Structure formats: C-alpha cells, structure tokens
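Chemist: dropping the sequence and predicted coords here.
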Number of protein chains: 2
Amino acid sequence: MRDAYHEELDALTERLVEMTRLVRSAISRATTALLDADIHLAESVISQDEEVNRIFAEVEASIFDLMARQQPVAVDLRMIIAALRMGTDLERMGDLAEHVAKIARLRHPDSAIPPEVRSTILEMGQIAERLVTKTGSCIASRDVESALELESDDDAMDKLHRRLFKVLMAPDWKYGVEPAIDVTLIGRYYERYADHAVRVAHDVVYLVTGSRPQDTSAF
Amino acid sequence: MRDAYHEELDALTERLVEMTRLVRSAISRATTALLDADIHLAESVISQDEEVNRIFAEVEASIFDLMARQQPVAVDLRMIIAALRMGTDLERMGDLAEHVAKIARLRHPDSAIPPEVRSTILEMGQIAERLVTKTGSCIASRDVESALELESDDDAMDKLHRRLFKVLMAPDWKYGVEPAIDVTLIGRYYERYADHAVRVAHDVVYLVTGSRPQDTSAF
C-alpha cells in the first residue's frame, strides 16, 4: 500500500495527465473552429482555458506544499521539479490553443484559413493532438523510450511549418497580407505547442533518468 | 557572515543577474543587426546564445544539488523554485533574441525591416532592453515595488506590437507578403521577450511575498 505522501505524488501525476487531456481537447476544438469558422467552438476553447489555469494553480500549490512538508529527495524530488516544469509547459499549451481560437473568432464569419493551406493546418492540428496524447501516456507510464519517440512527430510538425511558409511566399498567393499574417501566427502557435509537448516528454525522461535530452527548436 | 549554504544561494542570484545581462546584450545586438542588416552582429548573437544555455544548465545543476543536500524550507525553498522558473524564462529570452538575429541573417544583405516599421522595431528593442535591465535589478534587490512597475513597460510593448500590425495591414503597405511575415514573427519575438521579462520579475514578487501576481499576456 502507498503511504499518504506517495498518494499525493500519484495525484500530482494524475492532475498533469488531466492537463494533457484538456489541452488536447483545446487544440482539437481550436483547429476545427479555425477550419470551419465555428464561433461557438472558438468561444468554448477561450472560456475553458480558465480550467487549465486553475488546475495548474492547484498543481503549483500542491508542489509547494509537498516540498515544505516532506522535504523530498532523489526520485521524489525529481518528480516534483519535473511536475513544476511540466505544468508550466502544459499551461502554455492551453494558452496557445486559445490563441488559435482567438484568430478564428477574430475572422468570424469568415475563415482565417485560405483553401491552399487548409490541409497543412489540418495536419498540424492532428500532429499536435497526437503529440499531446503521447505526452499524456508518457507521464502516466514514465516510459522513456516512447518519450524519446516524440521527436519524430515534432520533426513532422517543423516540416509542415516550413511548408506553410512556402505556400505563403509563393508568387501565386492571392490573399494578400492579412491572411498571411494570420497564417504565420497560427503556424507559430502550432509549432510552439508541439515544442512544449516535447519538453514535457523530456521532463519524463529527466524524472526517470535524472538527465534531460537536449531540447531542440526549429527556429 | 553568511554560511556556505547561503553563499550558494547568493551565487545563484548572481548567475541569474548575469543571465539578464547576457540576454539584454543579445536583444540589443539583435535589434541593431536587424535595423542595420549587420551580419557579424547577427552571427555574434546566434553563437553566443550557447553561453546563456550553459549558465542555465549550471543554475539547474546547482539548484538540484542544493535541494538534495540542504532540504531548504520557507524562503530558501521559494528562492530555489523561483530561480528555476527565472532561469527557464531567461534562457527562453536568449532564444528569442537569437530568433530575431536569425531573421537578420536570413535577409542579409537586405534589411528585413521596411522603413515604415523601423522606428517601431527600434522602440520595441529599447523597451525590451529597459525591461530586462529592470528585471535584473529586481532579482538583485528583491524589490517588489519595482517588480510590479514592469507592467507599464510591458503595456507599452503591447501597444507597439499592435501598431506594427496596423502598419502591416494598412492599404499602403507596398512590400508584399514576405516582409510582412518577417515583421509579424519579429514583433511576436519582442512581445514574448517582454512577457518573459515580466514573468521573471513576478517570480521575484513570489520569492519575497510567497504569491505571484497574475500573469497577463496581450495575446
């Protein structure tokens, strides 16, 4: 049987996994809101980001409480440090999903996404979801191997991000500057979302092994 | 006289202040590199980001070491948690300065900055420098009042960021999509740089008072 202290650490893990589910749902709805110019979906992402922030505040409070009361060492201490960093990144992922939703809302009833970049944005959304799903599994399972595998999805995201710029800068881009700015920002949000998901997975590696893989960022 | 333990905490503070100096110099040189299309300056920012990362790795290592050996409580524990977060934000500010420099390098020998947005970018660079200078002083002095004053500089940055978009979207913008994308990303980098500086200052407030002001982000 686990003691109360380790039950608290388990609860912390569960809260982080819950955050991955919430920010996954957020980016999924934000992508649909963007592609379908769905204002209600966009509003739901924006209003529900508060929930992610609330859980993160609880995570922070319980981390500080655990540290003060238990003076954790070794792997427990790593768990707490990692949890703090993971929570910070997950909270930011919620913000980025919200940023995407805000652009959908800003351009409603139009779509911010011209047909030429629709499929790329759709794929970026799918990879973002896949990444955060895997990140959630990594947190729950503490599986270092699968945490390291996230790199390939992140590479795929970077490739899509570059493809996006190619379309925007092509001579036949006919939508002018405003949609180009929207798509530039949206692309950046997805790319950052993916980077944060990888950082969370790297913190699982740190938690298990005591050292973190070098973070790489496309630009 | 301070004991060895508190000397280590002081050293941690010094390392963080040193990080503020390095990322200040980085954003200052990146701004000049951008405005003057100075490739050597751009290269210096890019190559010297390694130094920021190295110091942050040392900060992380010394934090973990302190926690394992000393089991800090109360204000010392807060110092360590805050230092970890501050280091993370400062490291990211170095990355953002590097991103600005990379756009300068990418467009060399041309300038990425059309004349119409020159003064706005210059001001954004100046505010970024002012913010991080103040952040450095806050870390050194642990002055809560001045930490809270950073908000007004951050508001000024957000205003400039909005002004940038206005220029880009004006009907008389004659530079087309590519420079609009560059300026959009550059604007975003400065705005994020400022947000991170404010977060660091907020961690000084947390360190002193035990609670952190609500972080606000323009978008």
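Modeler: Structure's in. What do you need?
Chemist: what parts of chain A come near chain B?
Modeler: Taking CB under 8 Å from any CB of the partner chain as the contact definition, chain A meets chain B at A:64, A:67-68, A:71, A:73-74, A:77-78, A:81, A:84-85, A:88, A:95, A:99, A:102, A:165, A:168-169, A:173, A:176-178, A:180-181, A:184-185, A:188, A:217, A:219. Any C-beta I mention is one placed from the backbone N, CA and C, and that applies to glycine too.
Chemist: in ChimeraX, select just the buried ones from the residues you listed.
Modeler: Applied in ChimeraX, the following selects the buried portion of these according to 16 or more other CB atoms under 10 Å in any protein chain shown:
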select /A:64,67,77,78,81,84,85,88,95,99,102,165,168,173,177,180,181,184,185,188,217
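Chemist: which ones among the residues of chain A next to chain B are found in helices?
Modeler: Those of the residues of chain A next to chain B mapping onto helices are A:64, A:67-68, A:74, A:77-78, A:81, A:84-85, A:88, A:95, A:99, A:102, A:165, A:168-169, A:177-178, A:180-181, A:184-185, A:188, per DSSP state H.
Chemist: residue A:97 contacts residue A:49, correct?
Modeler: Yes - applying CB atoms under 8 Å, one finds residue A:97 in contact with residue A:49, separated by 7.3 Å.
Chemist: those two: which is more packed in?
Modeler: Per other CB atoms under 10 Å in any protein chain shown, whichever of residue A:97 and residue A:49 has more neighbours is residue A:97, with 32 against 21.
Chemist: report the closest residue of chain A relative to chain B.
Modeler: Nearest residue of chain A to chain B (CB to the nearest CB) works out as residue A:71 at 4.1 Å.
Chemist: overlap in contacts, residue A:97 and residue A:49.
Modeler: residue A:26 (CB atoms under 8 Å, 6 or more residues apart in numbering or on different chains).
Chemist: pLDDT below threshold where in chain A?
Modeler: Applying pLDDT under 70 to chain A flags residues A:1-2, A:214-219.
Chemist: cutoff 80 now
Modeler: Along chain A, segments meeting pLDDT under 80 span A:1-2, A:68, A:71-74, A:212, A:214-219.
Chemist: hmm, back to that, quick one: contacts for the residue of chain A closest to chain B?
Modeler: B:71, B:73.
Chemist: got it, and residue A:127?
Modeler: Neighbours of residue A:127 in contact, by CB under 8 Å, 6+ apart: A:153, A:156-157, A:160, A:190, A:194.
Chemist: what's the closest non-adjacent residue to it?
Modeler: residue A:157 (5.0 Å; CB to CB, 6 or more residues apart in numbering or on different chains).
Chemist: which secondary structure element contains the one you found?
Modeler: helix A:144-169 (DSSP states H and E).
Chemist: mind saving the C-alpha coords of stretch A:94-102 as CSV?
Modeler: In CSV, the C-alpha atoms belonging to stretch A:94-102 read as follows (Å, rounded to 0.1, in the frame of the first residue of the first chain):
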residue,chain,number,x,y,z
GLY,A,94,-3.6,25.8,-23.3
ASP,A,95,-2.7,29.4,-24.0
LEU,A,96,-1.5,28.6,-27.5
ALA,A,97,-4.7,26.7,-28.3
GLU,A,98,-6.6,29.7,-27.0
HIS,A,99,-4.5,32.0,-29.3
VAL,A,100,-5.6,29.8,-32.3
ALA,A,101,-9.2,30.0,-31.2
LYS,A,102,-9.0,33.8,-30.9
